[in-house]
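> Just a sequence and a predicted model for now, questions to come.
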Amino acid sequence: MLFPDYRPRRLRQNDAFRRMIRETKLSVDDLILPLFVNGGKGVKNPIPSMPGHYQLSIDNLVKTAKKAYELGIPAVMLFGIPDKKDPLATSAYAKDGIVQKATKALKDKIPELILITDVCLCQYTDHGHCGIVEGQIIDNDATLDLLAKTALSHAKANADMVAPSDMMDGRVAEIRNALDENGFSNIPIMSYAVKYCSAFYGPFRQAADSSPKFGDRRTYQMDPSNALEAIREVTMDIEEGADIIMIKPALPYLDIICRVREEIDLPIAAYNVSGEFAMVKAADKMGWLDGKRVMMESLTAIKRSGADMILTYFAIEAAKELS
Ligand code: PBG
């Protein structure tokens, strides 16, 4: 069909027409709110590069999670900031670790809110890497057992789902086995299957105090140049037992979300990461763009590309906008 027979503007002329032909509808059901928890009481430390986000002690964490729940957000993702770090990340899998305590408190106070726990070691190791370090090398196989222990300790603390973000090879199978062998075959795994080695994680590392003390994460996180490799990572994690596949970051990698969507039929989560959030907030503060509109446009675009759910620091603001 060609102009003048076809006029795309006919169906754009008013809001009702536009609503009727809208292909992608963002819903509060799509949103997952990431939260940072640390020790103490009454703590609410602002994260400078992430306006509106805080390092929260458990009491305040529960308050924020309740707010999210009341807005209809179905799930939160929990990141722990421990008091102590050591080479073996022991506080990641300690029974009374910060995530384990926070998980229990959240499930106790807001049982219907789905609680996803991030499973990684970087906040808990003194060197800041996501695995065990031998000399300068991140030892893949030595790390697997600790990741499985961490995931299991979260399940024991009543987490609803675990989300390994370490990018060690083989960790999904190891975690699946540990969960199954201990009576947690109903706990799903949301695998950070496609996690790029991204500069967009900057604000998060400030928030979680998780920057590597030497080197970088290039030997385990993916090279931003690669797309076919993303399909291999996804295939591998599905075979190992992943229930939800995550792609991260989101906006610079919409092509990857779209390609993975065509390849698989499992639910896909996209992580709209800290740097993506910080850029919008900074530009909005400068008066350079309309932050609220950019937020809604970005989240809609992530969904349009094929994501079923979006982890985003905008979750509360977007939920308000949608209600
Ligand atoms: C830890 C982890 C990171 C993020 C989620 N889990 C940071 C990293 O890999 O250094 C980033 C999230 C964000 O930037 O919002 N492995």
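That came in fine, so what should we check first?
> shouldn't residue 49 be in contact with residue 203?
Yes. Counting by CB atoms under 8 Å, residue 49 touches residue 203, with 3.8 Å between them. C-beta coordinates here come from the backbone N, C-alpha and C atoms, glycine included.
> Around the ligand, which positions in the stretch 201-323 of the chain sit nearby?
201, 204-205, 210, 217, 273-274 (CB under 6 Å from any ligand atom).
> neighbouring contacts of the helix ranked longest in the chain?
In the chain, assigned by DSSP state H, the helix with the most residues is helix 140-156. Helix 140-156 has contacts (CB atoms under 8 Å, 6 or more residues apart in numbering) with 88-89, 92-95, 97, 99-100, 103, 117, 119-121, 130-132, 134, 162, 164, 166, 168-171, 174-175, 177-179, 182, 184, 187, 189, 220.
> how about the helices in this protein?
Using DSSP H, helices in the chain cover 15-20, 58-70, 98-109, 140-156, 171-181, 202-208, 228-240, 254-263, 274-286, 291-304, 315-322.
> So in terms of bridging, what pairs with residue 189?
residue 162 (DSSP bridges).
> now swap in residue 38 and tell me
Counting by DSSP bridges, residue 38 is bridged to residue 81.
> low-confidence ranges in the stretch 151-300 of the chain?
The stretch 151-300 of the chain contains no residues with pLDDT under 70.
> about what we covered before: quick one: which of residue 49 and residue 203 has more around it?
residue 203 (22 against 19; other CB atoms under 10 Å).
> Looks like the more buried one contacts residue 50 (just checking).
Yes. Between residue 203 and residue 50 there is a contact under CB under 8 Å: 5.1 Å.
> what sits in contact with each of these two?
274, 277-278.
> would you turn those residues into a markdown table with neighbour count and distance to residue 8?
A markdown table is the format used below for the shared contacts of residue 203 and residue 50 (neighbours: other CB atoms under 10 Å; distance: CB to CB, whole Å):
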| residue | neighbour count | distance to residue 8 |
| --- | --- | --- |
| 274 | 25 | 37 |
| 277 | 24 | 33 |
| 278 | 22 | 36 |
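> Among those, which one sits closest to the ligand?
residue 274 (3.4 Å; CB to the nearest ligand atom).
> any idea how far the closest one is from residue 203?
Residue 274 sits 4 Å away from residue 203, going by CB to CB, to the nearest Å.
> Common neighbours of the two, please.
Joint contacts of residue 274 and residue 203 (CB under 8 Å, 6+ apart) are 49-50.
> Contacts only, for residue 51.
Going by CB under 8 Å, 6+ apart, the list of residues near residue 51 reads 281, 285.
> Indicate whether stretch 70-89 makes contact with the ligand.
No. Stretch 70-89 does not reach the ligand (CB under 6 Å from any ligand atom); its nearest approach is 6.8 Å.
> Put the alpha carbons of that stretch into CSV.
This file holds the C-alpha atoms of stretch 70-89, laid out as CSV (Å, rounded to 0.1, in the frame of the first residue of the first chain):
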residue,chain,number,x,y,z
GLU,A,70,1.1,-1.8,47.5
LEU,A,71,1.7,-0.3,44.1
GLY,A,72,1.2,-3.8,42.6
ILE,A,73,4.9,-4.5,41.8
PRO,A,74,5.0,-8.4,41.9
ALA,A,75,8.7,-8.9,42.9
VAL,A,76,11.9,-7.4,44.3
MET,A,77,15.5,-8.4,43.7
LEU,A,78,17.7,-8.2,46.8
PHE,A,79,21.4,-7.3,46.9
GLY,A,80,23.3,-7.6,50.2
ILE,A,81,26.0,-5.4,51.5
PRO,A,82,27.8,-7.4,54.2
ASP,A,83,29.8,-6.1,57.2
LYS,A,84,32.7,-8.4,56.5
LYS,A,85,34.5,-9.4,53.3
ASP,A,86,37.0,-12.2,53.0
PRO,A,87,38.7,-14.3,50.2
LEU,A,88,36.1,-17.0,50.4
ALA,A,89,33.0,-14.7,50.6
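> list the buried ones in that stretch?
Using 16 or more other CB atoms under 10 Å as the test for burial, stretch 70-89 gives 71, 73-82, 85, 88-89.
> How about stretch 110-120?
So for stretch 110-120, counting by 16+ other CB under 10 Å, buried means 110, 113-120.
> try stretch 221-235
221-222, 230-231, 233-234.
> Show me the two of the residues you listed that sit farthest apart.
221 and 231 (16.6 Å; CB to CB).
> Quick one: mean pLDDT for stretch 7-19?
Confidence for stretch 7-19, expressed as mean pLDDT, is 98.
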